[in-house]
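K.L.:
quick one, fold the following:
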Amino acid sequence: MTFIMNRQITFTPRLLALAVLAAPLAGALAAGSGFIAPAVAQTAAAAQAAAPISVLYGALEKSQALPSPEARAAIVGPAVDQAFNLDTILKRSIGLHYAQLTPDERTQLLQAFRRFTVARYVSSFKPGSEAVFSILPNAAPNPTGGVLIDTTIRGRTDSPANATPLNYVMTPTPQGWRITDILLNGHISQTATQRSDFRSVIDQSGAAGLIRTLNKKADGLLHG
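P.N.:
The predicted structure is shown next:
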């Protein structure tokens, strides 16, 4: 069995565009009028949708200065929880098989998927990564719901013109805006890529096999 995680999207500075929100919320209500100018309203909406990305990439900035995988995981893990709707991403990545899983299998898969997600960031953003993050101050409607936040990532010595674009699909939840997909170059969906990989594993070895595979991948990323 061949399991290739993220064939097309690899968490490295040159191939991922990850962002921090560069400034606090801009704009204010006109005195006593209750009116927000359209440009200010758009900036406010974009800032709200991008806020979880700001938290995540603030953690990744700090992670690049920490030599220990355990120390990086302690910072990145809570940021992943705040930024992502991992349950939704996992459901979409598994596809039709998800409805056939038991509650216990779903719980174990979510735990393994979270661990794997954190491990990818911990392995990629460490001393020497020198990634530079940026985010565009606008939000565009996503055709399938939510909004798209455009970001870029580049190496510290790279020209901004050579930065790689990465788009985040942000969806509102009762807990606030959360990432539900990542698009490389505006069209390569991480969730769709994972769906192909996950389906292959589940078809051959069931939910237990996918749990083992995710944990094994996480172990390799954290301790390899």
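K.L.:
what helices or strands is the host helix or strand of R195 leaning on?
P.N.:
Assigned by DSSP states H and E, R195 belongs to helix 190-223. Using 3 or more C-beta pairs under 8 Å, 6 or more residues apart in numbering; DSSP states H and E as the contact definition, the elements that helix 190-223 packs against are helix 69-83, helix 86-94, helix 103-124, strand 176-184. Where you see a C-beta, it was placed from the backbone N, CA and C, and this is true even at glycine.
K.L.:
spit out the contact partners of V80.
P.N.:
With contacts defined as C-beta atoms under 8 Å, 6 or more residues apart in numbering, V80 is in contact with L56, L86, R114, T117, V118, Y121.
K.L.:
now swap in E105 and tell me
P.N.:
A207, A208, I211.
K.L.:
tell me the mean pLDDT over stretch 139-151?
P.N.:
Mean pLDDT, taken over the full extent of stretch 139-151, equals 88.
K.L.:
so what touches that stretch?
P.N.:
Contacts to stretch 139-151, defined as C-beta under 8 Å, 6+ apart, come from residues 17-19, 42, 45-46, 49-50, 53, 133-136, 138, 165-172, 180, 183.
K.L.:
show me where pLDDT drops low in the chain?
P.N.:
Low-confidence regions of the chain, defined here as pLDDT under 70, cover residues 1-42, 224.
K.L.:
tell me which element L136 is part of?
P.N.:
strand 131-141.
K.L.:
sheet partners, orientation included, of that strand?
P.N.:
Within its sheet, strand 131-141 is paired with strand 147-155 (antiparallel), according to DSSP bridges.
K.L.:
verify the stated contact: G77 with A119.
P.N.:
No. Using C-beta atoms under 8 Å, G77 and A119 do not qualify as a contacting pair, with a distance of 9.8 Å.
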